[in-house]
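Visitor: how would this look folded up:
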Amino acid sequence: MRKMMLTGGLLMLTGCAGFGLPHPDPAQAWIDLHTQQQDTALQALEVDNKASTDKRYFEVQPGSHELTVRYQFPVEPGNIGPDAEPLWRDCQLNVKFNGFNAGEKYQLQAGNIGFRPWAKLYDQQRKVIGQGTPAGCQRT
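Guide: Coordinates of the predicted model:
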């Protein structure tokens, strides 16, 4: 019975691995999303004020675009007060870039300093090519 449960669990995990990210379209630019911390979340929301089709990445036509992301993170007690619990923030940031190229991969990375979120857009050579502008935050 144990072997069946273990085998079934491994098969389920293997099956889930098949539902990863799609292959990038070489005619478009691909933007991966990454965060600095483990207990945070970064989601693709909009491209040029239109809802993103997948929350895990952006794929855009070459040219100029504005990307909107949702970044959720805890503000640690050291930034609030000695007896405080972590405070969760739910923020949106906009990142504009004029030179997306077909077939290139970019990385949008987010983090925070205390209550303030930040986002940076990197090209394939890890050069910063764009910075996020906060578009509003709320407590969760």
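
Visitor: next one: the spatially closest residue to P62 that is not a sequence neighbour relative to P26, how far apart?
Guide: Nearest non-adjacent residue to P62, counting by C-beta to C-beta, 6 or more residues apart in numbering: A102, 4.7 Å away. Any C-beta I mention is one placed from the backbone N, CA and C, and that applies to glycine too. A102 sits 7 Å away from P26 when distances are taken as C-beta to C-beta, to the nearest Å.

Visitor: more neighbours: those two, which one.
Guide: A102 (14 against 9; other C-beta atoms under 10 Å).

Visitor: tell me the secondary structure for the more buried one?
Guide: coil (DSSP: H, G, I helix; E, B strand; the rest coil).

Visitor: contact partners for it?
Guide: Contact analysis of A102 by C-beta atoms under 8 Å, 6 or more residues apart in numbering lists 26-29, 61-62.

Visitor: any idea how far A41 is from it?
Guide: Distance from A102 to A41, by C-beta to C-beta: 29 Å.

Visitor: ok, A110 next?
Guide: Distance from A110 to A41, counting by C-beta to C-beta: 9 Å.
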